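Undergrad: Dropping the sequence and predicted coords here.
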Amino acid sequence: MKPILSGLTVLTLAAGLVGCNTNKGALDRNDNDVRPIGYYNKQGDRDGMDRSKGPVTDMMDNNRTDNNAPRNVGYDQNYDGALAEKIRDRVNRMNNVDDAHVILNDNNVIVGIDTSENNKKAVDHRVYREVKKLVPNRDVRVTTDDNIVNRIKNVDNNLQNGKTTREVSSDVKGIMSDIGKAGTDLGNAVKRPFQNNR
């Protein structure tokens, strides 16, 4: 009985498949009746979403990008992330700088440097002069103190993830105070020799 039932099942399925090809144009490869399928890419983005990996990945990453902007994809719109990135990139290209972290706060630029150089003061001074060229009208503070640099890195990461300057203001004030206490406020130290020559 089982072989007969199996045979009838196969015969019924085969007959059904034969009937599926009644449309003579079904195998026509030039048929354009199919609705277009949307593929995600970065071209033509108006809302700044990175659609290169698909909508679910975008939602999970919360990755919003502007095709013409630098890497400051997560900065709050009121924060000058482009300038912070520009300073960071310039400092990272300098000799004896392993990694740089930048915070912009009002008229202050705070730069924390990871370096393996033994003469950290020399690195501080070189970085200060380079950053001052980029932002001559701002107060620049540079430090290589490991504890302060870690705190700068945390605030910098928070800003890159969209936190506002108001949300990190107490951390920034503490960092600026500790830089002054540590004696690494190069802004005043580097200005003094030039002011005495007037």
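TA: Thanks, I have the structure now. Numbers count the residues shown, from 1 in each chain.
Undergrad: what residue ranges in the protein score low on pLDDT?
TA: The chain contains residues with pLDDT under 70 at 1-2, 16-73, 183-198.
Undergrad: 50 - rerun?
TA: 40-51, 62-72, 184-198 (pLDDT under 50).
Undergrad: for it, what spans make up the strands?
TA: 99-105, 108-114, 139-143 (DSSP state E).
Undergrad: got the domain boundaries for the protein?
TA: The chain is divided into the following domains under automatic domain parsing: 41-70, 81-191.
Undergrad: Buried residues, the lengthiest helix in the chain. List them.
TA: Across the chain, the longest stretch assigned as helix under DSSP state H is helix 2-19. By 16 or more other C-beta atoms under 10 Å, helix 2-19 has no buried positions at all. Placement of C-beta: from N, CA and C, glycine included.
Undergrad: burial of the closest residue to Glu167 other than its chain neighbours, as a residue count?
TA: Distances taken as C-beta to C-beta, 6 or more residues apart in numbering put Asn158 closest to Glu167, at 7.3 Å, once the chain neighbours are dropped. Residues within reach of Asn158, counting by other C-beta atoms under 10 Å, total 16.
Undergrad: you'd agree Asn158 is up against Thr165?
TA: No - the criterion here is C-beta atoms under 8 Å, and Asn158 misses it with Thr165 at 10.1 Å.
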